[in-house]
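Novice: coords please:
(2 chains)
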Amino acid sequence: MTTPIDEDAGAHAHDDAPRQTSVRARTRTHREPLRRQLTGWLFVAPFALVFLAFLVAPLLYALYLSLYRDALIGGRRFVLFDNYVKAFTDPSFIEGASFVIRFSLVLIPLQMVISLAIALMLDTLTNRFMRTSRLLIFLPYAIPAVIGALMWGFLYSRNFGPLTDVFGLIGQPAPDFLSRDLIFAGLLNIVVWQWAGYYMIILYAALQGIDPTLYEAARIDGASTMQIILRVKIPLIMPALVLILVFALIGTLQFFNEPQILRYLAAGTIGPDFTPNMYAYQQAFSLANFNYGSAISFALGAVVFVCVYIFMFVTRKRGSFLS
Amino acid sequence: MKTKPIIAAASAIALAATLAACSSDGGSSASPSGSAGQPEGNGGGDAACTNTIPKPDLPVVTMWAWYPNMQLVIDNFNEQHDDVQVCWTNVGQGGDEYDKFQTAIAAGTGAPDVIMLEADRIPTFQIQEALVDISGLGVEDVRANYSEGAWEDMTIRGGVYGVPVDGGPLAMIYREDIFDEYGITPPTTWDEYAEAARTVRDAGGPLFGDFAANVSALNMALQIQKGAEPFTYDPDSPETIGIALNDQASKDVLEYWAGLAEEGLVGTQDQFTPEYISGMVNGDYATYISAAWAPGYLTGAGVGEGADEGTFKVAPLPQWDPANPVEVNWGGSAFSVTSQASDPELAAKVALGVYADEASLTDGWTNQVIFPLNNNALDDPAFEDLEVEFFAGQQANKEVYIPAAQAYSGFTYAPFGQFYYDAMTEQVANMLAGDITGSEAADRIQETVVQYAEEQGFTVQ
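Specialist: Here you go, the predicted model:
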């Protein structure tokens, strides 16, 4: 949400600049900025229309819905924030939210370390083998999330998945990643597999953007490879790291696809309220409580906002430390 | 410079036209091209019906249904009728269709005229006034074609909200080879069932059955068999509902299965999953408590082929009290007329006529797509004497399924069935994980469902 505001501010700054330069210039080119403004609006118009029609309007409508309550008996009535009070005291929502927060806390560092390590490795070594690996590591991201989740669902199967054979070699029973105890690990694995390659590409691109003369200078100053990585490379790609961390945080808090698909294989383990997004879906589309479903969505939005805010606050400090 | 605005204007018009086309599709019925309920990705426009309408000048009724042989059924209907034609689409099976219907109800537009619903979903939509009472629209003419229990499932406070098509009388499917190997005969009571399970287990045999958290409708039927009466209505007051999900019978049934699971006699694998089906193929389960449509489902999933061919047989559902046997039902569907139908009378005619002709019914039961509820099929000697290939030529209909269907007296389902099933799945899963006992599971289901009912404005008795 902050980016559009920043852009706006930037646009205003540009508008203001010529106005302040000189009064004469302003009168001479009086019509020019207007026409240019119009052209600008025309360019923005298609996006703005779609943005308003398919994002802002539905959001406002959902907000409006969330202020009502619709019962099977008695019909619809205005309840103001009752649905929100209910959501934040609803064990299903609280447990779901706490699950996705715990999941983020484990997933994101793990995912970061893996993608960063691979990106650094690919950046350091350049040969044909590495180029192939880059493609292969990125490949899981190209597989649709639904198909990826289904595929892992089959791989986890104890009857026909490979786990039974692998664990049979060491004489152990295969773990059931779809059981209550291990579903956390099972999902963790799927998400890391799917997204690590994507984050790796972003970090790799950022690393490629670093001026190689910096490494040369560092070497001349006597820095080891490890020191170059820790003191030059990582600080310089910090903005990219923060960016993907925010992506990952928002994405994970809105966790939906993978558990929703695995639910078909393990309904006893993954309830309809497993994550807040799934709970909102269940309320709106299976139980026809569109109002409460909207309220849950906004409540989740609030949770995401708070988490991202905390994260930005923390990393801002950390960033200033390093630079 | 001049061509660009023209292109822009042209594309804007094209976009507007597309949007307009979308919105006009939402309207209801009268012409096939403007019909409701297109499946996603159908491309819009005239491609709304899956079937081709042979007599395009007649009025058209739209319909959603997912029977596998629906194409044939609709073609039969359209050919036999000179007053109405059906435009049919398959928008998904079960839950997928209900979610779409639910959305169409909330939107006030977009539902078909006639919709296929499982019997247990009818109260959910009826209470939202999404279905039409068709009792005055020709039901009396065909009343004799179906059993009392079948009509009972369609009836809410005297109104009839659907036309029965197929049912799911429960029975016990079993592996004859496993039974022979361990020297047991089909159990007739649940006590014998547990005893037989122990015999097989003690001799090192496979699991005797499976009790899954994700088949709440089956688990509810098993509770009703013991005498539970989960939901009761007050005929005079629609706001009042009786909810009894933790009575002794419900608790006993959950305790019974929790006990079997704890002893390691039955599995706790979710059903309708590849894992479960591969278990069936492997012979991991000696019995499968399921409905009359199960053989068709299992055949489709590749069970009973190759080395397993002819190993399955079926026996009546074990009883709690053999002196007073109770037959129960799982699944089975009906055709209902929605309140968005532009011409309810015509829609009712379709609901009553589709899948009621001999050719369609015969195709349905010979291919094991349905277990018909229509007496014209049930009384057909060919149906009675059918030697079911899946059961190695056993006359399963005559021996097991027809008596079970005829003894079925109907259930009263919940008007918030999905919530009840979800709550039950959650608590049964807790129970099977060993976190809570069967009685605690029943108590928690009761508590959650009562709370939900009250939130939804019901007075709970």
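Novice: Name the residue of the stretch 101-250 of chain A with the shortest distance to chain B.
Specialist: A:Asn159 (4.2 Å; C-beta to the nearest C-beta). C-beta coordinates here come from the backbone N, C-alpha and C atoms, glycine included.
Novice: Can you give the domain ranges for the chain?
Specialist: The chain I'm using is chain A. A:2-49, A:91-322 (automatic domain parsing).
Novice: Chain B was what I was after
Specialist: By the assignment in automatic domain parsing, chain B contains the domains B:28-164+B:333-369, B:170-330+B:386-460.
Novice: where are the low-confidence patches of the chain?
Specialist: The chain I'm using is chain A. Where chain A drops to pLDDT under 70, the residues are A:1-32, A:317-323.
Novice: oops, I was thinking of chain B
Specialist: Low-confidence segments of chain B (pLDDT under 70): B:1-47.
Novice: in the strand or helix carrying B:Glu440, what's buried?
Specialist: Taking DSSP states H and E as the definition, B:Glu440 sits inside helix B:438-455. Residues of helix B:438-455 classed as buried by neighbour count (16 or more other C-beta atoms under 10 Å in any protein chain shown): B:438-446, B:448-450, B:452-453, B:455.
Novice: Kindly report the same for stretch A:236-255.
Specialist: A:236-237, A:240-242, A:244-245, A:248-249, A:251-255.
Novice: I'd guessed the residue of the stretch 101-250 of chain A closest to chain B sits against B:Glu275; true?
Specialist: Yes: counting by C-beta atoms under 8 Å, A:Asn159 does reach B:Glu275; the two are 5.6 Å apart.
Novice: Spit out the contact partners of the residue of the stretch 101-250 of chain A closest to chain B.
Specialist: Shown here is A:Asn159, whose contacts under the criterion C-beta atoms under 8 Å, 6 or more residues apart in numbering or on different chains are B:Pro274, B:Glu275, B:Ser278, B:Gly279, B:Asn282, B:Asp284.
Novice: which ones are touching the last one?
Specialist: This means B:Asp284. Applying C-beta under 8 Å, 6+ apart, the residues contacting B:Asp284 are A:Asn159, B:Pro206, B:Leu207, B:Gly267.
Novice: With secondary structure as extra columns, can I get the residues you listed in a markdown table?
Specialist: Formatted as a markdown table, the contacts of B:Asp284 follow (DSSP: H, G, I helix; E, B strand; the rest coil):
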| residue | secondary structure |
| --- | --- |
| A:Asn159 | coil |
| B:Pro206 | coil |
| B:Leu207 | strand |
| B:Gly267 | strand |
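Novice: from these, which single one is nearest A:Thr269?
Specialist: B:Gly267 (14.8 Å; C-beta to C-beta).
Novice: For chain A, which residues are neighbours of chain B?
Specialist: Residues of chain A lying close to chain B by C-beta under 8 Å from any C-beta of the partner chain are A:71-74, A:154, A:157-160, A:180, A:264-269, A:271-272, A:282, A:285-288, A:290.
Novice: Can you get me a residue count around A:Asp211?
Specialist: By the criterion of other C-beta atoms under 10 Å in any protein chain shown, A:Asp211 has 9 neighbours.
Novice: Show me the helices in the stretch 251-400 of chain B, by range?
Specialist: Here the stretch 251-400 of chain B has its helices, by DSSP state H, counting those that start in this stretch, at B:274-282, B:294-300, B:344-353, B:358-366, B:375-378, B:381-384, B:396.
Novice: on that earlier part again, going through the contacts of A:Asn159, which ones are buried?
Specialist: Burial by neighbour count, 16+ other C-beta under 10 Å: within those this picks out B:Pro274, B:Glu275, B:Ser278, B:Gly279, B:Asp284.
Novice: Among those residues, which one sits closest to chain A?
Specialist: Each of the buried ones among the contacts of A:Asn159 was checked against chain A using C-beta to the nearest C-beta; the closest is B:Ser278, at 4.2 Å.
Novice: What distance do you get for the closest residue to that closest one other than its chain neighbours to A:Ala266?
Specialist: Nearest residue to B:Ser278, sequence neighbours excluded (C-beta to C-beta, 6 or more residues apart in numbering or on different chains): A:Asn159, at 4.2 Å. A:Asn159 is 14 Å from A:Ala266, where distance means C-beta to C-beta, to the nearest Å.
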